[in-house]
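K.L.:
Test case, fold it:
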Amino acid sequence: MKRLFFLAALCATTFFIACEQTEIVNNNALKTINLEDRANGTYTLFAGQDIDAGTVTIEILGDDLVVTYQTNDCWSLGTTHLYVGTAEDVPVNGAGNPQHGQFSYAQEVEEDTLGNPIELLDMVIYTIPLSEVELTEVENEDGSGALSCVYIAAHSELYNDCLSSDEEAEGDAEETGYAAWDIDFEGNRWGGLIEYCF
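P.N.:
Okay, the predicted model is just below:
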């Protein structure tokens, strides 16, 4: 009887250990998926601090970092400015506010003699060779080694195409846009840096 009890206990323990190992394997698979999601990020493009005007998607495609601005139905893009680099090197003034005109990349839209954009865009894509990107090594939260990170600020001029003529006359048609961010700028202007790691 003792042998039968011992064998039953041994089988139960073996079964329990097998289940634990299966669970560990599944957790590792989830970590891989999470890191992959982290390396293909989509961020809300906010107009005027809190209006969802589209998305900014960041991807590593081959040897390139690709940043895509895409607007929603009612919004269009004017000039865009993109900073890509280290957190310490983002161009700011003495008050800690971003200097958009000094960002690493820009795509300007053509303007008429009054300074109004002639043709607005729904999408802007920046393709940047990784060899040109200054990366920062950041320790992985789970202690499994370092990740390569780049800091990105995605600024844009946004125009609302769905306003009535009265709303346009009140000046509501144009807004500043920023992709959702992880790190605030030090100054009093809204916006900040995305920490993108892969």
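K.L.:
residues contacting the spatially most central residue of the chain?
P.N.:
The centre of the chain sits closest to residue 43, judged by CA atoms, centre = their mean, with a distance of 4.6 Å. Contacts of residue 43 were listed using CB atoms under 8 Å, 6 or more residues apart in numbering, and they are 55-58, 154, 179-181, 194. All C-beta atoms are positioned from the backbone trio N, CA, C, and that covers glycine.
K.L.:
Give me the subset of the residues you listed that lies in strands.
P.N.:
Using DSSP state E, 55-58, 154, 179, 194 are the members of those that sit in strands.
K.L.:
what are the ranges of the helices in the protein?
P.N.:
2-38, 165-169 (DSSP state H).
K.L.:
partner residues bridging the closest residue in space to residue 120 that isn't next to it in sequence?
P.N.:
Leaving aside its sequence neighbours, residue 120 sits nearest to residue 76 (CB to CB, 6 or more residues apart in numbering; 3.5 Å). Under the criterion DSSP bridges, residue 76 forms beta bridges with residue 159.
K.L.:
ditto for residue 47
P.N.:
With DSSP bridges as the rule, residue 47 is bridged to residue 51, residue 177.
K.L.:
mean pLDDT for the helices of the chain: which is lowest?
P.N.:
Between those, the one with the least mean pLDDT is helix 2-38; it has a mean of 38.
K.L.:
Count the neighbours of residue 59 for me.
P.N.:
Residue 59 is flanked by 15 other residues according to other CB atoms under 10 Å.
K.L.:
what's the pLDDT at it?
P.N.:
If you check residue 59, the pLDDT there is 95.
K.L.:
how much space between it and residue 93?
P.N.:
Using CB to CB, to the nearest Å, residue 59 is found at 31 Å from residue 93.
K.L.:
Residue 197 too?
P.N.:
Residue 197 is 28 Å from residue 93, by CB to CB.
K.L.:
and what of residue 71?
P.N.:
Distance from residue 71 to residue 93, by CB to CB: 28 Å.
K.L.:
out of the two, which sits in the busier spot?
P.N.:
Applying other CB under 10 Å to residue 71 and residue 93 shows that residue 71 carries more neighbours, namely 23 against 11.
K.L.:
quick one: contacts for the more buried one?
P.N.:
Residue 71 neighbours (CB under 8 Å, 6+ apart): 45, 53-54, 77, 122-123, 158.
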